[in-house]
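> For reference, the sequence and a predicted model appear below.
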Amino acid sequence: MIRSLHPALVLVIILSLSAGRHIRAEVPLNGLTDAEKRGGWELLFDGTSVESWRNYKQDSISKGWIVKDGLLIRAAAGAGDIITKEQYEHFELSIEYRISKGGNSGIMFHVTEQAARPWHTGPEVQLQDNVDGHDPQKSGWLYQLYKPVKPNWARRFENQVGFKSPEVDDATRPAGQWNHIYLRVTGKESEIALNGVSYFHFNKGSKDWDERVARSKFSKYPLFGKPTRGHICLQDHGNEIAFRNIKVRKLRADGIGPDPIDGKLKLKTVEAFPKLKWEGFKGVDEQGRIQNIRPLEMTHAGDGTNRIFVATQIGKIYVFPNDPDATLASVFLDFSERVQPFPVDDEEGLLGFALHPSFKENGYLYVYYTSREPRVSYLSRFQRSKKDPNKADPDSESVIMRIPQPFANHNGGPMVFGNDGYLYMGLGDGGGRNDPVGHGQNLGTLMGTIIRIDVDKKSAGKNYSIPRDNPFVDREGALPEIYAYGTRNPWRISVDRPTGNIWFGDVGQDLWEEINLLARGANYGWSVREASYNFGNKEIDSKQAPTEAIWEYDHRIGKSITGGHVYRGKALPELQGAYLYADYVTGKIWALKYNHDKGQVISNLGIQEGGIPVLSFGQDEQGEVYYTVQSPSGRSIFKFVRDE
């Protein structure tokens, strides 16, 4: 999908057009979510037993550590440092801590018992009360070695608009509140994140690592940082601290985690229209530089003509017969001169396209695009030519909404007409990193929302009207167009016609990707949550608790979700009712089966283990599902067949 290739989380969201049920987003206390279970995570603390732990250089755990109300607490003097009984080489650790006022502690890794103290061998992730703590090394820093660094992709988007966010993040919550540490240690790359915000990456044993160690107090310990396998250690620094939700996952040396699947479907992908050429597309520009075609939307008109319409990011929409022997995709509409070229900013361009439910009669089509007017997006309507059913009139543009954008990324734009005839469109949080303007939870902006409007009526001086049953019509300070909110960057949205459910994928930032059902008035959490997990240190509005994603996967699996379609075709009965989705970065494709009555995932089945990044999915008039990729050759549309 379109986005900077930085860590990100993905939720897939199912949108229910009815009031639906809002399932609160939360991780079971000292338990595993369905995604974590399938993804290979294990508990290091179940809330009742310290069976996985012992004191450093001891056979058991001291009485200074107690288990109370599901918490592992350093409660008394002389508790001592505790370590896992098992040793880990390449792994991830997920752990929540609650520090006392002024308190200090730490988490060490690759600890061996060859030295007098754990920190003589194992590097320490600092934990402390950042307000009243005495140490200049803040919580989440790798003690005396690494502190938060703003990633280059964030700098680029900020520099474009002259925005300045803090150079050093502090995502901690105050003493007495729960904070989350994510630690990944592998031979390829390691990372620390605090409350979902990635702080920095490092490579143990690299030249940079060795130079930093040489400048630190640890240089006098010859074994410091040298072990490549060892225990995880929780430090007793003399202050009370509590831990919960302690989880670990073993990884491969390259940092890849287990695919969270229940099995694999015996399917493969093949080119759907192998003879197809795109009118006017050459694959190179006038200077001989390679150019890619990037199909971002593929749909049909539902008018009985069995035509396929494909919208490309450059600002051209094509049409061709739904025939595997089709040879030419002709230009249906070209308004590329109004669209920001995606080679300039790869998250801009023509990002959304939908045909009116009465397209056969009125010929209306709708597009969402970022314009050549800097940082401005348009939702517009065009009309089919009266002379040629395979052409749209480029002079027929009617602007429905003009939407200023603060940054060049997270423009969103996927759209679909629901079974109720209204237009639903997903908008990103406006871009930047960490939702710097706070759009995600702000009902006073369209950024970070799913909007629902009636494009068949005009009212209040606008080229659309507001459905009277939109959830925030009567809420003071809220924009009435909003149907749901708390999205980061919805990437592809679709309606399952038999049920009326609308699904969308929401691209995460640093740790998780998601899928959700659209429920009226739902809050999908961003930017106080990413998937089921707290993000940053903003307070959560208890009056509007986040709605749970129906599925999520982490960044050891993939880094940018591409939402898809529920399969309703006939060629592959084994896919019937399954939601097909992918990851843009890894090229993995899955089929998710979900029980709506129980609100549970039935299975997540693998289709493709990796390959070319998947931009989007499409569906034809028969309910068959396709996916698209970028290509300089024009070979961009693929379908699923049995691997026999």
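Received the coordinates, thanks.

> ok so Ser380 is a strand residue?
Yes. Read with DSSP: H, G, I helix; E, B strand; the rest coil, Ser380 is one of the residues of a strand.

> Tell me the bridge partners for it.
Val367, Val399 (DSSP bridges).

> Can you report how many residues lie near it?
Neighbour count of Ser380, defined by other Cβ atoms under 10 Å: 21. Heads up, the C-betas are built off the backbone N, CA and C, glycines and all.

> for the one 3 residues further on, same thing?
By the criterion of other Cβ under 10 Å, Gln383 has 18 neighbours.

> what secondary structure does it sit in?
strand.

> Please name the residues that touch it.
Residues in contact with Gln383 (Cβ atoms under 8 Å, 6 or more residues apart in numbering) are Asn362, Gly363, Tyr364, Leu365, Ala392, Asp393, Ser396.

> For the helix or strand harbouring the fourth one, what is the distance to the chain centroid?
So the one you mean is Leu365. Leu365 belongs to strand 364-370 when assigned by DSSP states H and E. Averaged C-alpha coordinates place strand 364-370 at 24 Å from its chain's average position (Cα atoms, centre = their mean, to the nearest Å).

> mean confidence score for that strand?
When pLDDT is averaged over strand 364-370, the result is 97.

> Gly426 reaches Asn411, doesn't it?
No. With contact defined as Cβ atoms under 8 Å, Gly426 does not reach Asn411; the gap is 10.0 Å.

> higher neighbour count, those two?
A side-by-side neighbour count of Gly426 and Asn411, using other Cβ under 10 Å, places Gly426 first with 31 against 28.

> Quick check: nearest residue in space to that one, chain neighbours excluded?
Excluding the flanking residues, the one nearest Gly426 by Cβ to Cβ, 6 or more residues apart in numbering is Pro490, at 2.9 Å.

> got it, and Asn195?
Residue nearest to Asn195 in three dimensions, not counting chain neighbours: Ala171, with 4.4 Å by Cβ to Cβ, 6+ apart.

> Next, that neighbour: secondary structure please.
coil.

> So it sits against Glu530, correct?
No. Counting by Cβ under 8 Å, Ala171 sits too far from Glu530 to count as a contact (11.6 Å).

> Common neighbours of these two, please.
Contacts common to Ala171 and Glu530, judged by Cβ under 8 Å, 6+ apart, are Gly196.

> Which one's more surrounded, these two?
Remark: of Ala171 and Glu530, Glu530 carries more neighbours, 30 against 23, as counted by other Cβ under 10 Å.

> May I have the residues that are in contact with that one?
Applying Cβ under 8 Å, 6+ apart to Glu530 gives the contacts Leu9, Gly196, Arg488, Gly508, Gln509, Asp510, Leu511, Trp512, Glu514.

> Please report phi then psi for it.
Main-chain dihedrals, Glu530, degrees, to the nearest 10: phi -130, psi 110.

> what separates it from Gly196, distance-wise?
Distance, Glu530 to Gly196, using Cβ to Cβ, to the nearest Å: 5 Å.

> His555 now?
Applying Cβ to Cβ, the value for His555 to Gly196 is 11 Å.

> Neighbour count for the two, which is higher?
Between His555 and Gly196, counting by other Cβ under 10 Å, His555 is the more crowded of the two (28 against 24).

> my guess is that one meets Asp510, correct?
Yes. With contacts counted by Cβ under 8 Å, His555 reaches Asp510, the gap being 7.1 Å.

> burial measure for the spatially closest residue to Ala75 that is not a sequence neighbour, as a count.
For Ala75, ignoring the flanking residues on the chain, the nearest one in space by Cβ to Cβ, 6+ apart is Ile66 at 4.9 Å. Other residues within reach of Ile66, judged by other Cβ under 10 Å, total 16.

> quick one: contacts of the strand or helix carrying Ile66?
Applying DSSP H and E as the criterion places Ile66 in strand 65-68. Contacts with strand 65-68, where a contact means Cβ under 8 Å, 6+ apart, come from Gly47, Thr48, Ser49, Val50, Trp53, Leu72, Ile73, Arg74, Ala75, Ala76, Ala79, Ile82.

> After it, which helix or strand is next?
Downstream of strand 65-68, the next assigned helix or strand under DSSP H and E is strand 71-74.

> what sits up against the strand holding Leu365?
With Cβ under 8 Å, 6+ apart as the test, strand 364-370 has contacts from 311, 315, 317, 333, 335, 338-340, 345, 348-356, 358-359, 376-384, 392, 400, 405, 408, 411, 413, 415, 423, 425, 455.

> can you do 7 Å?
For strand 364-370, contacts defined as Cβ atoms under 7 Å, 6 or more residues apart in numbering pick out 315, 339-340, 348-356, 359, 377-383, 392, 405, 411, 413, 415, 423, 425, 455.

> Report the beta-bridge partners for the residue nearest to Ala75.
Per DSSP bridges, the residues bridged to Ile66 are Ile73.

> Look up how far Ile82 lies from it.
Using Cβ to Cβ, we find Ile66 at a distance of 12 Å from Ile82.

> What is the burial count for Asn409?
Neighbour number of Asn409 under other Cβ under 10 Å is 25.

> can you check Asp285 too?
10.

> now do His90
For His90, using other Cβ under 10 Å, the count is 20.

> about what we covered before: which of the contacts of Gln383 are buried? Put it as a ChimeraX command.
In ChimeraX, a selection of the buried entries from these looks like this (16 or more other Cβ atoms under 10 Å):
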select :363,364,365,392,396
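
> just curious, which of the contacts of Gln383 is nearest to Ser60?
Nearest to Ser60 among the contacts of Gln383 is Leu365, at 70.5 Å by Cβ to Cβ.

> list the contacts for Asn463?
With contact taken as Cβ under 7 Å, 6+ apart, Asn463 is in contact with Ser398, Val399, Ile400.

> any idea how far Val585 is from Tyr146?
24 Å.

> Between those two, point out the one with more neighbours.
Neighbours around Val585 and Tyr146, counted as other Cβ under 10 Å, are more numerous at Val585. The numbers are 24 against 20.

> And the residue nearest to Ala75, what's its pLDDT?
Note on Ile66: pLDDT of 97.

> returning to that earlier point: quick one: contacts for the residue nearest to Asn195?
Contacts of Ala171 by Cβ under 7 Å, 6+ apart are Leu194, Asn195, Val197, Gly536, Asn537.

> how near is it to Gly80?
Distance from Ala171 to Gly80, by Cβ to Cβ: 30 Å.

> same thing with Val331?
With Cβ to Cβ as the criterion, Val331 and Gly80 are 73 Å apart.

> Give me the neighbour count for Val270.
With other Cβ under 10 Å as criterion, Val270 counts 11.

> what distance separates the longest helix that the chain contains from the middle of the whole chain?
For the chain, the helix with the greatest residue count under DSSP state H is helix 152-161. Here the centre of helix 152-161 is set off from its chain's centre by 20 Å, with Cα atoms, centre = their mean.

> now swap in stretch 115-123 and tell me
37 Å.

> With stretch 259-273 instead?
That offset, for stretch 259-273, works out to 22 Å (Cα atoms, centre = their mean).
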